[in-house]
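1. just the structure for this:
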Amino acid sequence: MPSGLVPPEDAEGNGTADLRELSQGFLRAYERSWTLMHEGEEDVYGFGSGERPVLLPLLPDSASLEAHPTHLDSLTLRLSPERYRRLARALSALLAEAHAEGHTTSGPHCTLAVLAFRAETETDGNQLSRSINSFLGAEISSTCTPATATS
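-> Numbers count the residues shown, from 1 in each chain. Prediction:
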């Protein structure tokens, strides 16, 4: 069937079903991680401005409470087409390595995904943003921050 007959907006066509399934699975896992990590806590919100930025939460200093914590790490920056392709392929190579290793002898199924795309929203030419939303705990690299940062 010609791909044009099943446009991206179609609920089952051209990757839309895959993205919907990944999104729903991640949201369920995120809710599980959030509930486990924050059970009995109260929410704290911080507000800032360009002159007075909000302080980011401290990194966890202990191990995660779950064996397979939910983790999101995204980066938005300007890249040449060549650099974009190299980075996307390098990230996919990590998944290919895990695929070649196959299953371990025990443990639940886990999903790791690489999403790379050109952002449709235009910002000023120097904006760089990184967003990490992770429940990995103290095992997470010290170069990561637990909240969205834009500069």
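2. my guess is Pro108 contacts His68, does it?
-> Yes - under the criterion of C-beta atoms under 8 Å, Pro108 makes contact with His68 at 6.6 Å. For every residue, glycine as well, the C-beta is placed using N, CA and C.
3. okay, the two: which has more neighbours?
-> Under the neighbour definition other C-beta atoms under 10 Å, Pro108 and His68 were set side by side, and His68 has more, 16 against 6.
4. what confidence value was assigned to the nearest residue to that one once chain neighbours are set aside?
-> Excluding its sequence neighbours, the residue lying closest to His68 (C-beta to C-beta, 6 or more residues apart in numbering) is Cys110, at 5.4 Å. pLDDT for Cys110: 90.
5. tell me how many other residues crowd Cys110.
-> 9.
6. for it, which three-state class applies?
-> Per DSSP: H, G, I helix; E, B strand; the rest coil, the local secondary structure of Cys110 is coil.
7. likewise Ala96?
-> For Ala96, the assignment made with three-state DSSP gives helix.
8. Pro81 versus that one, what's the distance?
-> For Ala96, the distance to Pro81 equals 22 Å [C-beta to C-beta, to the nearest Å].
9. between those two, who's got more neighbours?
-> Neighbours per residue (other C-beta under 10 Å) separate Ala96 from Pro81, with Ala96 holding more: 11 against 8.
10. I'd like the distance between that one and Pro53.
-> 39 Å.
11. same check on Leu128?
-> For Leu128, the distance to Pro53 equals 15 Å [C-beta to C-beta].
12. again, but for Ala116
-> Using C-beta to C-beta, one obtains 28 Å as the distance from Ala116 to Pro53.
13. per-residue pLDDT, the residue lying closest to Thr111 once chain neighbours are set aside?
-> Leaving aside its sequence neighbours, Thr111 sits nearest to Gly25 (C-beta to C-beta, 6+ apart; 6.2 Å). In this model, Gly25 is scored at 91, pLDDT.
14. any idea which helix or strand carries Gly25?
-> Per DSSP states H and E: Gly25 is located in helix 16-38.
15. got the CA positions of that helix in CSV?
-> Presented in CSV, the C-alpha positions along helix 16-38 are these (Å, rounded to 0.1, in the frame of the first residue of the first chain):
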residue,chain,number,x,y,z
THR,A,16,1.8,7.3,15.2
ALA,A,17,0.8,4.1,16.9
ASP,A,18,4.4,3.5,18.1
LEU,A,19,4.7,7.0,19.5
ARG,A,20,1.3,6.7,21.2
GLU,A,21,2.2,3.4,22.8
LEU,A,22,5.6,4.7,23.9
SER,A,23,4.0,7.9,25.4
GLN,A,24,1.3,5.9,27.3
GLY,A,25,3.8,3.4,28.6
PHE,A,26,6.2,6.1,29.7
LEU,A,27,3.4,8.1,31.5
ARG,A,28,2.3,5.0,33.4
ALA,A,29,5.9,4.3,34.5
TYR,A,30,6.5,7.9,35.4
GLU,A,31,3.4,7.9,37.6
ARG,A,32,4.6,4.8,39.3
SER,A,33,8.1,6.3,39.9
TRP,A,34,6.7,9.6,41.1
THR,A,35,4.3,7.9,43.5
LEU,A,36,7.0,5.7,44.9
MET,A,37,9.5,8.5,45.3
HIS,A,38,7.2,11.2,46.6
